[in-house]
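Enquirer: Sequence plus predicted model, see below.
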Amino acid sequence: MIFSSLVFLCVFLPITYLLYTVVPSLKVKNAVLIAASLLFYAYGEPVYVLLMLLSAVLNYGFALVIDRKKSIRKWMLIIAVVVNIGILGIFKYLPFLVVTWNHVTGIQIPVPEISLPIGISFFTFQALSYVIDVYFEKTKAQSNFFHILLYISFFPQLIAGPIVKYRDISEEILNRKQSLRESAEGMRRFICGLGKKVLIANTMGLVADNIYAADISNVNVAAAWIGAIAYMLQIYYDFSGYSDMAIGMGRMFGFHFKENFCYPYGAAGIQDFWRRWHISLTTWFREYLYFPLGGNRKGKKRTYLNRMIVFLLTGLWHGANWTFVLWGLYNGVLFFIESAIPAVKKLPKIISRLYTLIFVCVGFVIFRADSIMQAGKMIGKMFTGFDFSPQAVSLATRQLTPLFLFFLIVGILGAAPVRVVADKIRAGLGRKEADLSTKWNVIQYGLFTMSVFLLAWCIIRLSGSAYNPFIYFRF
């Protein structure tokens with residue numbers, strides 16, 4: 001395990017921030033962040049920190065050769081892709097491939113016992129994007145190894161993203177400023193993300209786990225939908241909460257990461273959903289896979305094939321299980337239907353939003369299930385599970401605790417575009433700029449005060465509960 005949440009929150013982050021703040025030069029500040037990042041990862045992965053260091057060294061070298069040896073730059077890019085994907089494949093997919101091979105052929109090859117390094121998918125994709133960008137001259141090769149090491153190992157987004165491109169923060173590695181205002185706003189963003197995770201995601205996760213662990217014969221239509229909606233909210237608040245924490249911590253140290261979510265549950269269509277969900281991964285696949293495959297430049301059939309490949313690999317990126325592969329294909333088919341049938345795009349917005357929520361919810365049942373068989377049974381119960389025996393009714397009603405219902409309402413309301421609403425409120429506060437600034441500052445101070453109470457509430461919840469899984473840590 002990485003640091004426990006309380007140790008990270010009450011010890012590691014404050015000490016790192018204080019050290020970073022008091023040291024004089026940017027060079028030393030970067031050294032503090034590198035040391036803290038390596039300690040952060042090594043605490044839970046003492047062996048695999050060497051793997052991350054190896055990734056940094058190799059990709060630092062690949063980029064330099066590509067930049068300086070024009071005659072072999074294409075071959076070096078191929079080697080870099082093979083090495084990075086090979087390392088990811090060995091640690092993440094080899095046991096899965098062996099199990100699948102044994103099942104298909106009947107040959108019993110021993111399954112290798114390889115534990116998955118936390119965050120390997122994230123830091124591998126970051127390293128690859130750097131090398132590919134150097135090849136296509138979108139960024140310059142960095143001669144200072146420690147800048148690349150900081151980029152790959154930076155602890156706020158090391159283990160669960162968002163996936164950051166080197167070209168987006170290269171200037172801030174070399175030149176950035178820390179201010180009290182930026183630090184305060186970063187801390188507030190961090191606390192909001194923490195609240196999303198600890199209060200909403202964990203509450204939803206307990207209910208989802210209860211439903212998915214129950215005997216399927218006791219799951220009726222009510223329990224199946226409660227479990228599906230609970231997980232739908234859990235995965236959103238878990239991952240968007242972590243993204244908020246990463247963006248907030250980055251801001252505390254002078255870095256500005258791009259947004260990773262944009263109210264995906266308000267999307268009007270599957271295509272719109274994927275423009276809003278896990279934006280850093282979507283843009284990574286679009287830029288480094290979809291466009292190189294030809295994008296939409298080679299006719300409709302090739303476009304649909306390219307998109308299906310992207311969705312297949314997006315699913316597989318999330319985990320070594322056929323459920324993730326099926327989830328990726330499921331979204332690819334929905335994307336295809338929406339693209340191929342013009343009438344779908346002409347539906348009223350409310351209908352588009354409704355069918356998007358339903359299809360996304362069903363898709364996340366596949367994502368959450370332990371097997372394709374369990375996914376099929378759970379989806380079947382969602383639409384045909386009209387069993388109201390005492391056992392089935394009891395399973396559903398036991399989940400509807402006051403705490404769950406409260407955070408269910410909060411979660412649904414929180415998935416609405418509150419920032420858009422906030423901008424409208426700000427615009428409506430007054431026409432005079434001075435009055436506007438004064439009133440808006442009052443609101444800001446109120447939000448800072450509320451964040452202090454939210455932090456205290458999160459600490460209390462963390463102190464009294466051992467249930468604190470991060471879904472995306474295993475990716």
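Expert: Structure received. Residues are numbered from 1 along each chain as shown.
Enquirer: if I pick residue 454, what's in contact with it?
Expert: Shown in contact with residue 454 (C-beta atoms under 8 Å, 6 or more residues apart in numbering): 191, 192, 194, 195. Backbone N, C-alpha and C define where each C-beta goes, glycine included.
Enquirer: of all those, which comes closest to residue 38?
Expert: residue 194 (23.4 Å; C-beta to C-beta).
Enquirer: Next one: that closest one, what pLDDT does it get?
Expert: Looking at residue 194, its pLDDT is 92.
Enquirer: do the same with residue 421
Expert: So residue 421 comes in at 55 (pLDDT).
Enquirer: With adjacent residues omitted, what lies nearest to residue 356?
Expert: Nearest non-adjacent residue to residue 356, counting by C-beta to C-beta, 6 or more residues apart in numbering: residue 267, 5.2 Å away.
Enquirer: The one you found touches residue 276, doesn't it?
Expert: Yes: contact criterion C-beta atoms under 8 Å: residue 267 and residue 276 qualify, at 5.4 Å.
Enquirer: The two: which has the busier surroundings?
Expert: residue 267 (20 against 17; other C-beta atoms under 10 Å).
Enquirer: And residue 246, which helix or strand is it part of?
Expert: Per DSSP states H and E: residue 246 is located in helix 221-252.
Enquirer: That helix packs against which elements?
Expert: Judged by 3 or more C-beta pairs under 8 Å, 6 or more residues apart in numbering; DSSP states H and E, helix 221-252 is in contact with helix 180-195, helix 202-213, helix 349-368, helix 372-384, helix 390-399, helix 402-414.
Enquirer: Quick one: those as TSV, columns for distance to residue 166 and mean neighbour count too.
Expert: Output for the helices and strands packed on helix 221-252, formatted as TSV (distance: least, C-beta to C-beta, whole Å; neighbours: other C-beta atoms under 10 Å):
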stretch	distance to residue 166	mean neighbour count
helix 180-195	21	19
helix 202-213	33	21
helix 349-368	30	18
helix 372-384	37	17
helix 390-399	45	16
helix 402-414	32	15
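Enquirer: mind putting the ones you listed in a markdown table, distance to residue 39 included?
Expert: Converted to a markdown table, the helices and strands packed on helix 221-252 look like this (distance: least, C-beta to C-beta, whole Å):
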| stretch | distance to residue 39 |
| --- | --- |
| helix 180-195 | 19 |
| helix 202-213 | 26 |
| helix 349-368 | 33 |
| helix 372-384 | 39 |
| helix 390-399 | 40 |
| helix 402-414 | 33 |
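Enquirer: Tell me which of those sits nearest to residue 78.
Expert: helix 349-368 (32.5 Å).
Enquirer: Now do that closest one: which elements does it pack against?
Expert: So helix 349-368, by 3+ C-beta pairs under 8 Å, 6+ apart, packs with helix 221-252, helix 270-276, helix 322-340, helix 372-384.
Enquirer: which residues touch it?
Expert: Contact with helix 349-368 is made by 208, 212, 228-229, 231-232, 235, 264-270, 272-273, 318, 323-324, 326-327, 330-331, 334, 344, 347, 372, 375, 378-379, 382, as judged by C-beta under 8 Å, 6+ apart.
Enquirer: ditto for stretch 77-84
Expert: Under C-beta under 8 Å, 6+ apart, the answer for stretch 77-84 is 55, 58, 59, 62, 66, 124, 127, 128, 131, 132, 135.
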